[in-house]
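Chemist: Provide a 3D model corresponding to the input given below.
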Amino acid sequence: MPEHWLVRVMETAGVSCAAGVDVAPATPAVEAWKAVLGGCTASEEELAQHIAAHFKLAVADLEHAQPTALRLIPEKVARRYWIYPLRQDDRHLYVATIDPTAFDVEQAVGFASGRTPIFEIAGPAALSEAIDLGYTPDKVIGMLDTMDGEVADAVKVVEDLSPEMVLAQEAEAPPIVRLTNLILRSATNDGASDIHIEPGRASGTVRFRIDGVLRQYMELPMAALNRVVSRIKILGKLDIADRLRPQDGRTRIEVDGRTYDLRIATVPTREAEKVVIRILDPEGSKTLEALGVPKPELKRMRYLLSHRDGIVVVTGPTGSGKTTTLYAALREIATGEVNIMTVEDPVEYELKGITQIQVEPKRGVTFASALRALLRQDPDVIFVGEIRDLETAQIAVQASMTGHLVLATLHTNDAISVVPRLVDLGLDRASIAATLRGALAQRLLRHVCDHCAEPIQGPLDAAELRLSAAYGAVPVVRGAGCKRCGQTGHRGRIPIMEVLVASPELEELINRGASLPELLRVGVGGGMRTMREVALERVSAGQTTLQEVERVLGELLEVAPEVVDQDAANRGMLEKQGFVVREADIERLLNGLTPPPSTQAAQPHILVVDDDGVSRSLARTLLEKNGFRVTEAADGAAALDRIRDGNGFALVVLDLDMPRLDGREVLSRLRGSSETAKLPVVVLTGSESMEAEIELMDRGADDYIRKPIDAMRFVARIKAALRRAGA
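Modeler: You can find the predicted model right below:
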């Protein structure tokens with residue numbers, strides 16, 4: 001008869017149990033613990049040790065859990081799944097659990113925290129006590145203790161599905177004022193850029209965005225959270241009775257002698273109102289040097305700012321620091337000798353000596369109308385908060401053609417993409433070519449905490465090895481995590497930028513509608529460093545980590561195939577260059593992609609054709625580790641010989657540039673034969689030309705993969721091609 005895993009653990013450990021201990025396999029873990037503890041000669045602590053030893057896990061240290069880890073898992077999740085967060089790093093959350101076999105627990109932790117869970121073992125009683133203590137915010141308890149009877153009753157958990165109405169006097173009751181002030185003070189002291197107050201059914205969450213990443217601060221009963229929301233709406237002069245429409249407001253507060261501007265935005269949800277508060281420090285506007293702009297990019301920026309006509313565009317996603325960079329640039333050119341005027345939505349910082357206009361559509365003040373008015377104010381420099389439509393873009397172009405330098409922001413992924421974005425808005429290419437002086441794209445990377453940064457000594461761990469393989473760079477520091485950085489290992493942010501400077505060649509390409517790769521080639525040829533280059537330079541300087549580069553840049557980077565090649569000669573070459581390549585780590589990396597070959601039902605036969613031995617070896621290793629049978633060919637002629645031999649290939653991976661017979665000719669011959677016309681072909685190439693990709697797809701290629709090879713993407717694309725072919 002099947003037994004519960006907990007009974008098997010006790011039997012393996014040799015613990016004496018009563019004959020009547022019989023636990024069905026489907027018994028919930030907490031009930032199984034009770035049954036085993038009641039019938040066996042082991043204490044809860046001893047049972048936890050036996051389970052940890054059986055599964056080769058650690059016994060949880062519940063007394064020294066990190067508060068920041070606690071904020072990643074809501075209390076209701078912890079109680080439902082019998083887990084308790086212990087500590088965290090960028091990728092992992094260490095969690096105490098009573099059941100290391102529960103897959104649903106692993107899923108819940110990953111979904112709630114965004115990190116991969118690593119289990120440690122604790123008993124139910126100890127874990128329950130830890131949850132009771134850990135999820136009782138001492139600060140909130142102190143406030144609740146001071147509440148009078150009427151307000152104390154008002155903050156009980158309610159089950160009412162309709163939003164609870166809160167009167168102004170309730171929102172201004174002393175305990176609610178103190179709780180709101182606590183949230184605001186904690187956020188400003190922690191350096192948060194935003195506060196998120198998010199409702200749920202029975203309870204809501206307060207989260208801070210610090211260094212670009214949200215961290216949970218506290219969980220509140222909905223009655224208390226509703227009153228905090230109403231208090232904030234009062235501060236922003238919003239209508240607290242109107243809970244069915246979005247509202248925006250502003251206020252200014254003073255915290256510990258320092259003034260902050262708050263931008264408040266509310267939106268109705270199914271349960272209640274959600275509030276986001278943007279925290280603006282009027283003293284936060286810095287110089288370009290103080291922002292940490294790298295010297296090569298700083299030099300190119302100053303060259304762009306030296307123009308007295310034309311358009312300079314700063315681009316990047318929301319939260320990438322565009323406005324902060326432009327404010328620093330404006331401060332630099334605000335010498336008193338030029339008239340600088342801005343049109344913003346909203347005005348984030350007040351700049352001395354600069355006229356700033358707030359966009360207010362309700363009063364008829366739009367970007368376009370404000371720009372028209374500015375042109376009658378004799379400006380030298382105009383800053384447009386964002387070019388959102390054709391009308392604004394046309395006025396900006398006209399202004400730049402009549403002796404004004406126009407600075408503006410857009411939302412694109414990189415500097416080169418500014419050109420097609422302006423075309424998409426409706427501007428003609430001739431106007432763009434004539435007026436665009438340059439473009440700057442940027443992101444923000446979290447800086448490794450100076451107080452807990454540790455030099456990497458010895459071999460890289462598995463995650464670092466994978467990222468080194470992906471990015472072709474070697475990390476030099478790790479952030480261990482400390483109190484000053486909230487146990488994250490990061491504190492503060494630094495910019496990475498690419499600065500495109502216009503040139504006659506670039507102007508010609510824009511006029512004739514050249515492709516992005518062509519524009520990029522000219523930009524880089526003119527001295528532009530890409531964000532990739534700047535980011536990896538930051539890694540090499542010990543300012544940030546590859547994990548952070550991956551989080552921010554993601555697919556902007558490609559894989560360096562040599563790093564994961566297991567050939568001894570190549571490995572030795574890489575080690576000389578500073579890479580630490582451990583076979584065990586590579587095995588773990590490759591084995592983690594998909595189940596090993598022994599678990600595959602069939603082994604499709606793939607022909608890899610490439611004159612580059614390193615790329616060929618990498619492709620073979622990846623494919624074999626994922627259950628495929630692989631044959632190699634070093635050139636096109638050898639490939640056709642292998643195919644004619646009747647090896648029953650399910651797919652061909654084909655490089656383009658090869659001796660004897662190149663990939664295009666091989667592809668043409670395969671498609672010209674009735675026997676191989678339907679054989680799937682995936683092309684490998686180092687070319688970034690979009691025209692080349694279109695040409696190859698027209699010739700009959702089933703897919704197109706650029707070198708260097710990204711391991712996981714490569715395997716996924718091969719599998720997709722086989723699925724489409726029905727192999």
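Chemist: got the contact list for the spatially most central residue of the chain?
Modeler: Note on the chain: the residue nearest the mean C-alpha position is Arg551, at 3.9 Å, using Cα atoms, centre = their mean. Residues near Arg551 by Cβ atoms under 8 Å, 6 or more residues apart in numbering: Asp90. C-beta: built from backbone N, CA, C; applies to glycine.
Chemist: Got the phi and psi for it?
Modeler: Main-chain dihedrals, Arg551, degrees, to the nearest 10: phi -60, psi -40.
Chemist: Okay, it and Thr488: tell me how far apart.
Modeler: Applying Cβ to Cβ, to the nearest Å, the value for Arg551 to Thr488 is 12 Å.
Chemist: Now do the helix or strand where Met497 lies: which elements does it pack against?
Modeler: In the assignment (DSSP states H and E), Met497 maps to strand 490-501. Under the contact criterion of 3 or more Cβ pairs under 8 Å, 6 or more residues apart in numbering; DSSP states H and E, strand 490-501 touches helix 295-305, strand 436-448, helix 531-540.
Chemist: Where does pLDDT dip in the stretch 501-650 of the chain?
Modeler: Across the stretch 501-650 of the chain, the ranges flagged by pLDDT under 70 are 555-602, 613-614.
Chemist: the helices in it, which residues?
Modeler: In the stretch 501-650 of the chain, the helices defined using DSSP state H, counting those that start in this stretch lie at 504-511, 516-525, 531-540, 546-553, 568-576, 583-591, 613-625, 636-644.
Chemist: With distance to Arg270 added, can I get the ones you listed in JSON lines?
Modeler: Formatted as JSON lines, the helices of the stretch 501-650 of the chain follow (distance: least, Cβ to Cβ, whole Å):
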{"stretch": "helix 504-511", "distance to Arg270": "48"}
{"stretch": "helix 516-525", "distance to Arg270": "42"}
{"stretch": "helix 531-540", "distance to Arg270": "39"}
{"stretch": "helix 546-553", "distance to Arg270": "31"}
{"stretch": "helix 568-576", "distance to Arg270": "54"}
{"stretch": "helix 583-591", "distance to Arg270": "43"}
{"stretch": "helix 613-625", "distance to Arg270": "46"}
{"stretch": "helix 636-644", "distance to Arg270": "59"}
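Chemist: Quick check: which of those helices is nearest to Leu330?
Modeler: Relative to Leu330, the nearest member of these by Cβ to Cβ is helix 531-540, separated by 22.9 Å.
Chemist: Which strands and helices lie in contact with that closest one?
Modeler: strand 436-448, strand 490-501, helix 546-553.
Chemist: For Val21, give its distance to Glu46.
Modeler: According to Cβ to Cβ, Val21 and Glu46 sit 16 Å apart.
Chemist: where does the stretch 1-150 of the chain have low pLDDT?
Modeler: Filtered on pLDDT under 70, the stretch 1-150 of the chain yields the residue ranges 1-2, 19-20, 136-150.
Chemist: At which residues are the helices of it located?
Modeler: Assigned by DSSP H, counting those that start in this stretch, the stretch 1-150 of the chain shows helices spanning 5-13, 29-39, 44-55, 67-70, 75-81, 103-113, 124-134, 138-146, 149-154.
Chemist: want to throw the ones you listed into CSV with mean neighbour count?
Modeler: Formatted as CSV, the helices of the stretch 1-150 of the chain follow (neighbours: other Cβ atoms under 10 Å):
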stretch, mean neighbour count
helix 5-13, 18
helix 29-39, 18
helix 44-55, 18
helix 67-70, 19
helix 75-81, 17
helix 103-113, 16
helix 124-134, 17
helix 138-146, 13
helix 149-154, 13
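Chemist: To Ser193, which of these lies closest?
Modeler: For the helices of the stretch 1-150 of the chain, the distance to Ser193 is smallest for helix 67-70, at 17.4 Å, taking Cβ to Cβ.
Chemist: Mind giving me the packing neighbours of the closest one?
Modeler: strand 83-88.
Chemist: and the direction of the strand it packs on versus that of helix 124-134, what angle?
Modeler: Comparing the axes of strand 83-88 and helix 124-134 via axes from the mean of the first three to the mean of the last three Cα atoms, to 10 degrees yields an angle of 70 degrees.
Chemist: Partner strands of strand 83-88 and their direction?
Modeler: Take DSSP bridges as the rule and strand 83-88 pairs in its sheet with strand 92-97 (antiparallel).
Chemist: Tell me which residues of the partner strand come out buried.
Modeler: Neighbour-count burial for strand 92-97 flags Leu93, Tyr94, Val95, Ala96, Thr97 (criterion: 16 or more other Cβ atoms under 10 Å).
Chemist: what kind of secondary structure is Ser320 in?
Modeler: In three-state terms, and counting by DSSP: H, G, I helix; E, B strand; the rest coil, Ser320 is coil.
Chemist: Now it: closest residue in space, sequence neighbours ignored.
Modeler: Arg443 (5.2 Å; Cβ to Cβ, 6 or more residues apart in numbering).
Chemist: What about the one you found, how many residues nearby?
Modeler: Arg443: 25 surrounding residues under other Cβ atoms under 10 Å.
Chemist: same thing with the one 10 residues further on?
Modeler: Ala453 has 21 neighbouring residues, counting by other Cβ under 10 Å.
Chemist: Just the pLDDT for it.
Modeler: Looking at Ala453, its pLDDT reads 91.
Chemist: dump the residue contacts of it.
Modeler: Ala453 makes contact with Val477, Arg478, Gly479, Ala480, Gly489, Gly542 under the criterion Cβ under 8 Å, 6+ apart.
Chemist: Take those residues and write them to a markdown table, including distance to Ser203.
Modeler: Supplementary listing: these in a markdown table, determined by distance: Cβ to Cβ, whole Å:
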| residue | distance to Ser203 |
| --- | --- |
| Val477 | 39 |
| Arg478 | 35 |
| Gly479 | 32 |
| Ala480 | 33 |
| Gly489 | 30 |
| Gly542 | 42 |
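Chemist: pLDDT check: weakest of these?
Modeler: Note: of the contacts of Ala453, the lowest pLDDT belongs to Ala480, at 85.
Chemist: what's the closest non-adjacent residue to that one?
Modeler: Among residues not flanking Ala480 along the chain, Cys452 sits closest, at 4.4 Å (Cβ to Cβ, 6+ apart).
Chemist: tally of neighbours for the one you found?
Modeler: 20.
Chemist: contacting residues for it?
Modeler: Gly479, Ala480, Gly481, Cys482, Arg484, Cys485, Gly489.
Chemist: swap the cut-off to 7 Å and go again
Modeler: By Cβ atoms under 7 Å, 6 or more residues apart in numbering, Cys452 lies in contact with Gly479, Ala480, Gly481, Cys482, Cys485, Gly489.
Chemist: neighbours of the first one, just the number please.
Modeler: Gly479: 26 surrounding residues under other Cβ under 10 Å.
Chemist: how near is it to Gly319?
Modeler: From Gly479 to Gly319 the distance is 21 Å (Cβ to Cβ).
Chemist: and if you look at the fourth one?
Modeler: Distance of Cys482 to Gly319, given as Cβ to Cβ: 25 Å.
Chemist: more crowded one of these two?
Modeler: Cys482 (16 against 12).
Chemist: Right, I'll leave it there.
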